[in-house]
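1. When you get a sec, could you give me coordinates for this:
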Amino acid sequence: MMGAALRWAGWLVLAGTVTAGAQETGKPERPLPDVPALMHEVEAKQRAAEEARKDYIFHAVVTEVEVDGKGSPKKTEVKEYDDFWIKGVPVERLVKKDGRPLTEDEAKKESERIDKEAAKASERRAKEDAKGKETDPRGNDEVTVSRLLELGSFTNARRVQMAGRDTIAVDYTGDPKAKTKNRFEGVIRDMAGTVWVDEQDKAIARIEGRFVSSFKVGGGLMASIREGTNFNVQMTKVNGEVWLPARIEGKGEARALLFFKFNGSLTASYSDYRKFKTSSTIVGVGVVKE
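-> Prediction:
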């Protein structure tokens, strides 16, 4: 679930005003960067930073609140994960469910699941790389900045302050008439939002996005996401070297075949960022504000 949310967050974007956490600066105006060029820089920086992200493990608490047809809560589930990388693949290991640690048997099955998931992802990525296709670390379809600019447009660039750092905020609107090459491009085309880029690091600091129309695969039989479904992703700079997720919020309705169905809200909070040394010792690190 979190992997999918972060994939959406990879680029996309809720058109709107800057919130209290990111206020307009009172400094003399400097020329704003060229947005397409800025996004290409962000793309290059993200790929270069992938190696640094592989050195980290952190904890996630995910709360899902499912609602009924009237919008009233009917089920709440809290899961805790350790997020890290195995053989170049990001994975999420379930460690607690509703406050209860996994039993020995459950933990064993979870480890087996992760090993299989990582192996399949590595194989999938190798096959797609051999074809010259752009993929994410799990081997799933990925959209380059060049394609992003063909699927929609960035507008209303402005310089704001987030956590005391100069940040460039731009709105994104997908073009419903754009031709897509894969399902992920279809997701992007049906979205609108805002992305905040840390100006110094050329890193995504925050993303808000929403579906401006319902997204369907196979006429809605295979997968669907309801119009108005939205998300908010906040990143944080850790140890002065890498940007990692701090909080993800989502609300709406989505389903995929018999594997996944959800109608409600989701919140994921991240903490306890630690770094692996070559000795496999885990070293605690802090969030660095520069």
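2. drop to CA atoms for contacts and neighbour counts, all remaining ones
-> Noted.
3. List the buried residues of stretch 41-57.
-> For stretch 41-57, burial by neighbour count (16 or more other C-alpha atoms under 10 Å) applies to 42-43, 46, 53-57.
4. Just the ones of those in strands?
-> Judged by DSSP state E, strands contain the following of the buried residues of stretch 41-57: 56-57.
5. nearest to residue 164, of the buried residues of stretch 41-57?
-> Here the nearest of the buried residues of stretch 41-57 to residue 164, counting by C-alpha to C-alpha, is residue 42; it sits at 19.8 Å.
6. didn't that closest one look like it was pressed against residue 204?
-> Yes - contact between residue 42 and residue 204 holds when scored by C-alpha atoms under 8 Å: they sit 7.3 Å apart.
7. what residues are shared contacts of those two?
-> residue 197 (C-alpha atoms under 8 Å, 6 or more residues apart in numbering).
8. so where do the helices sit in the stretch 101-250 of the chain?
-> Taking DSSP state H, counting those that start in this stretch, the helices of the stretch 101-250 of the chain run over residues 104-130, 145-151, 183-189.
9. helices or strands next to the first one in the packing?
-> By that I understand helix 104-130. If you count contacts as 3 or more C-alpha pairs under 8 Å, 6 or more residues apart in numbering; DSSP states H and E, helix 104-130 packs onto strand 89-97.
10. Send me the strand it packs on as CSV with only the CA atoms.
-> Provided in CSV are the C-alpha atoms of strand 89-97 (Å, rounded to 0.1, in the frame of the first residue of the first chain):
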residue,chain,number,x,y,z
VAL,A,89,14.6,-3.5,-3.9
PRO,A,90,12.6,-1.4,-1.3
VAL,A,91,10.5,-3.6,0.9
GLU,A,92,8.1,-3.2,3.9
ARG,A,93,8.2,-5.8,6.7
LEU,A,94,5.1,-6.0,8.8
VAL,A,95,6.1,-6.1,12.5
LYS,A,96,2.9,-5.3,14.4
LYS,A,97,-0.9,-5.4,13.7
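11. Which of the residues in that strand are classified as buried?
-> Across strand 89-97, burial judged by 16+ other C-alpha under 10 Å covers 89-96.
12. Quick one: list the elements packing against that strand.
-> Judged by 3+ C-alpha pairs under 8 Å, 6+ apart, the packing partners of strand 89-97 are strand 73-86, helix 104-130.
13. Mean neighbour count added to those, as CSV?
-> As requested, the helices and strands packed on strand 89-97 are exported to CSV (neighbours: other C-alpha atoms under 10 Å):
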stretch, mean neighbour count
strand 73-86, 16
helix 104-130, 15
